[in-house]
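Here is a sequence with its predicted model. Questions after.
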2 protein chains.
Amino acid sequence: MRPAGLASAARRCQSIAASSSSPHGLSRVPLALRRYIASDSGAPRSVAKLLEWKPEGSAARDIVVNGYIRSVRSMKARTFVALGDGSSLAALQALIPADQAEGLAIGAAIRLRGSWVPSPGAGQSHELHVDNVQVLGPSDAKTFPIQKKYQTPEYLRTMPHLRPRTPFNSAILRFRSEVVATLTQFFASRYFVQTHPPVITSSDCEGGGEVFSIAPANKTEDETDESFFRAPKYLTVSSQLHLEALAQSVGDVWTLGPTFRAERSDTSRHLSEFYMLEAEMSFVDDLGGVMDLLEDMLRHTATELYQSRVARELRAPGRDKSADDSASDRASPDEVDKRWQGLMQPSWPRLTYTEALDILKTNQHLFRHAPVWGDGLQSEHEKYIARVVGNGKPVFVTHYPRDIKAFYMRPTQEHERDATSQETVDCFDLLVPEFCEIAGGSMREHRLPQLLDAMKRHGIVIPSSDGSIQPTSPAGPLDWYADLRRWGCPPHGGFGLGFDRLLGYLSGVQTIRDTVTFPRWYGRCDC
Amino acid sequence: MRPAGLASAARRCQSIAASSSSPHGLSRVPLALRRYIASDSGAPRSVAKLLEWKPEGSAARDIVVNGYIRSVRSMKARTFVALGDGSSLAALQALIPADQAEGLAIGAAIRLRGSWVPSPGAGQSHELHVDNVQVLGPSDAKTFPIQKKYQTPEYLRTMPHLRPRTPFNSAILRFRSEVVATLTQFFASRYFVQTHPPVITSSDCEGGGEVFSIAPANKTEDETDESFFRAPKYLTVSSQLHLEALAQSVGDVWTLGPTFRAERSDTSRHLSEFYMLEAEMSFVDDLGGVMDLLEDMLRHTATELYQSRVARELRAPGRDKSADDSASDRASPDEVDKRWQGLMQPSWPRLTYTEALDILKTNQHLFRHAPVWGDGLQSEHEKYIARVVGNGKPVFVTHYPRDIKAFYMRPTQEHERDATSQETVDCFDLLVPEFCEIAGGSMREHRLPQLLDAMKRHGIVIPSSDGSIQPTSPAGPLDWYADLRRWGCPPHGGFGLGFDRLLGYLSGVQTIRDTVTFPRWYGRCDC
């Protein structure tokens, strides 16, 4: 039985469906065609696509393009407008009749309709001769904080909600998106499963004390910070432990997600909230397989994107004057191009920590901190190794001393140890000049007794009353992690890569405060 | 000048590079080929690929496959093992000589080498006749909590770190991954920029009081919860406001990321941490364009994945007995197939809230709660509308009363209002039977005075001392959001979709506690 009222409703649904069409009456044309590829006339719609478009004949009429005014120059009979929409560093030049020039202020959101005609000016093949202007979002140009002149990165950082509107910062956004899409395709082609491990976690032991804890903002009187989840909870500092569980389910996994550190430091390489790309491979026997994956992934990304428009813009900015708003805090175009070239090269050097130490010691007069076997590498050491060993390529440094690395790393087998015979672990850091460590990885200890032993050494496992470690010893909030070894844990390993650092490295941006749109660090969380 | 020590290091680097090859000596073969597509013999490596592989001739030798034992059956001369690796619901049958059967326990991680030969058994074309077994990760089968029998979802939920190992839960993981990859491709093809808006935010006003706040876990004596960022900070409840800023930079944007609510509720549709897919379009004039995008996106996803292996597995599980471990808490295969069919159909119904109310009132004897204009729709109302109006398709209900919706929604223009002439906003909910609201969206108020007025009505903006709202009135932590309207804000709109709910809807899983691997809700945050 048809419910009462449905017949008239069905009629009205149809009328709504019809009236919900675009202003051009194209409601049944796929959205892609309607908004992105072409206007009614078949012409492109974005500034980037229009700038590449050189139609046959002298003029293409009825071109519609949306964007924001980057600059205005009024002459007697007409007004010149540089229009940008975030799709390219370069702006589109539009000529607007004087009687349509009202409201044309810097920053305004406008829609132009006109003809795309060959341009007599230098630097552009065509320009838009406008018939009709619609000011869709007016702008108070006098107070607009984004000016078409050099503005310091520090100044732009005070307004993260407006900063993305500068051409270079919009290019950074597009670049992030293209890298994510490329990585998604890369991992899919290798049957890696993209996962969403949790942000709220139970263990703080990986964060070295520098973790954020969470609690409901509005607690009732009889609640404590911990009553919501019945135990203290934290923001994740790494998804690795959870990824290991997922790798035991579907083989090889990866994730790209937010990660948190409550570090009270003020550097160009650290944020309180940052993106980590983490991958975990199961049934991988040695560290070489993990390094191969990371190397393949980065080489693929650089090779795929090298010729993309956004990558070309990042490597050679400044051709369009309105684009160089924060140019000075960037590496030179030559330097950035060299970085891309390095990533595209095959066979990146791999050397052990001990070998790196040998090189550092032989040249120790160059350093402020003396290199000592057993200590971590200082930035100056990492930079030196990256530069002289890498010679343009990233460098893997492997097999660090056990005692300066995390509890879950697999110890190097005795017969694989180097001449020093010291206890090391099967791990690596990937170093690049300037940014130092960009990724790190390891084989994980997959044997239960050895893992419990390492957890004891790190104070994570509580031994039995007689001091012995039993397979059932409580590992506190990491009991579940030990559990993963009880029932079928194959050799496995993986890596984590600082995603924002990678974007900074490939875009030439010197601080990750400027590769992240809304950066958060000690004392700063605007918007 | 070549630094001292480099020559010998370079030699050693090369020896490391050589020794870091795979056990098969294939170090210069691309990783993809080496690990995923084929073993030395050219045969596939994953269980899923092997099961599809029907080589010419009678046997393919030296096939290597890794996986976990789902079941063991020992006969006199040999042992039958069902091997799974998470790549398919179905298991691979392996025949192992009795003298190699040591350590073959349920759950164990093993590597098998053998011949892939036509099988005399029913239900499989080939089976693996094993020459060599390696137990890479032993299993204590007696204590292994994952058994090859029906286990209740409640029981499996007590061990989220082991639950993914059940065949159905590994299929859910693969499905999530394929949906993410499909969406990434969909948005890239339409020039949407994928973005990473912040998780730590300054405003709690969108969360209706149910937000989590954060603080460093280890505070010094003179620090408060708020001193780290110099103001209270929260976990995001929606990225929409930040996405609007990004849309003003690069046009159309989207994101898929974690979202948080400190809700003290216990339902099958809510989690404290969940994934939201949000999209924001700039220069879109009316709500129809936003609904078109959402409809296109879901139709594209369903159409692309309908014939994929994982989607077929989710729609028709239970063919393999070892796979139906949590089957009973799922919708029937027919029901799930109907959902997919509905999403693939064109032209989903769109009706207004007022029209929906008319239908509900005409049939009000069916409901526990009387439908009243001005109130929100109850679940029973949403389900009814979704069922009778949708008739298999999802249903858009549009133009809800202004006073029950968020402050940022654009009011419906007077000439567009329906017969009731009541104040509504340009918004929609997308309803499906059983899951009710799966997505919601709106046009945003892009005009400054109107936005400030709405913020005042919602108690967000503090009026001047004379009670008037000035363009410069402080909007507190949302000052920046008002700012977006000061300089060039075009009409824009977008939507948010509960990603875990969508996965539940398409997989037939009835509660999102079982579509998310490590679910967090009031009182529960295991692992």
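Perfect, thanks for sending it. Numbering: from 1, shown residues only, chains lettered A, B, ... in the order given.

For residue A:314, which non-adjacent residue is spatially closest?
Excluding its sequence neighbours, the residue lying closest to residue A:314 (Cβ to Cβ, 6 or more residues apart in numbering or on different chains) is residue A:507, at 4.6 Å. Bear in mind the C-beta positions are built from the backbone N, C-alpha and C, glycine included.

residues touching the one you found, list them.
By Cβ atoms under 8 Å, 6 or more residues apart in numbering or on different chains, residue A:507 lies in contact with A:171-172, A:175, A:314, A:330, A:336, A:515.

Need those residues in JSON lines (columns: neighbour count).
Below are the contacts of residue A:507 laid out as JSON lines (neighbours: other Cβ atoms under 10 Å in any protein chain shown):
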{"residue": "A:171", "neighbour count": "24"}
{"residue": "A:172", "neighbour count": "25"}
{"residue": "A:175", "neighbour count": "22"}
{"residue": "A:314", "neighbour count": "26"}
{"residue": "A:330", "neighbour count": "21"}
{"residue": "A:336", "neighbour count": "21"}
{"residue": "A:515", "neighbour count": "26"}
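
Flag the helix or strand of chain A with the lowest per-element mean pLDDT.
Taking mean pLDDT, DSSP states H and E as the measure, helix A:31 is the helix or strand of chain A with the lowest mean score, a mean of 39.

Tell me where the longest helix sits in chain A.
Ordering each helix of chain A by length in residues (DSSP state H) puts helix A:167-189 first.

What residues sit buried inside that helix?
A:167-188 (16 or more other Cβ atoms under 10 Å in any protein chain shown).

Can you report phi and psi for residue A:68?
Backbone torsions of residue A:68, given as degrees, to the nearest 10, read phi -120, psi 140.

meant to ask about residue A:255, not that
The phi/psi pair for residue A:255 (degrees, to the nearest 10) is phi -150, psi 150.

Could you pull up the residues touching it?
With Cβ under 8 Å, 6+ apart, residue A:255 has these contacts: A:194-197, A:239, A:243, A:277-279.

In helices, which of the residues you listed fall?
Among those, the residues falling in helices (DSSP H) are residue A:243.

which among the contacts of residue A:255 gets closest to chain B?
residue A:194 (4.3 Å; Cβ to the nearest Cβ).

beta partners of that closest one?
Beta-bridge partners for residue A:194, by DSSP bridges, are residue A:254.

can you count the residues close to it?
When neighbours are defined as other Cβ atoms under 10 Å in any protein chain shown, residue A:194 has 21 of them.

show me what contacts it?
A:184, A:187-188, A:253-256, B:176-177, B:180-181.

got it, and residue A:275?
Residue A:275 neighbours (Cβ under 8 Å, 6+ apart): A:256-259, A:498-500, A:516, B:196.

how about the nearest residue to residue A:259, chain neighbours excluded?
Among residues not flanking residue A:259 along the chain, residue A:276 sits closest, at 4.3 Å (Cβ to Cβ, 6+ apart).

What distance do you get for that neighbour to residue B:500?
Separation of residue A:276 from residue B:500 (Cβ to Cβ, to the nearest Å): 21 Å.

And for residue A:341?
According to Cβ to Cβ, residue A:341 stands 42 Å off from residue B:500.

neighbour count winner among these two?
residue B:500 (24 against 13).

Next, the closest residue in space to that one that isn't next to it in sequence: secondary structure please.
Leaving aside its sequence neighbours, residue B:500 sits nearest to residue B:512 (Cβ to Cβ, 6+ apart; 4.4 Å). Here residue B:512 is recorded as coil under DSSP: H, G, I helix; E, B strand; the rest coil.

per-residue pLDDT, residue B:512?
Note on residue B:512: pLDDT of 92.

So it is in contact with residue B:269, correct?
Yes. Assessed by Cβ atoms under 8 Å, residue B:512 is found in contact with residue B:269 at 6.3 Å.
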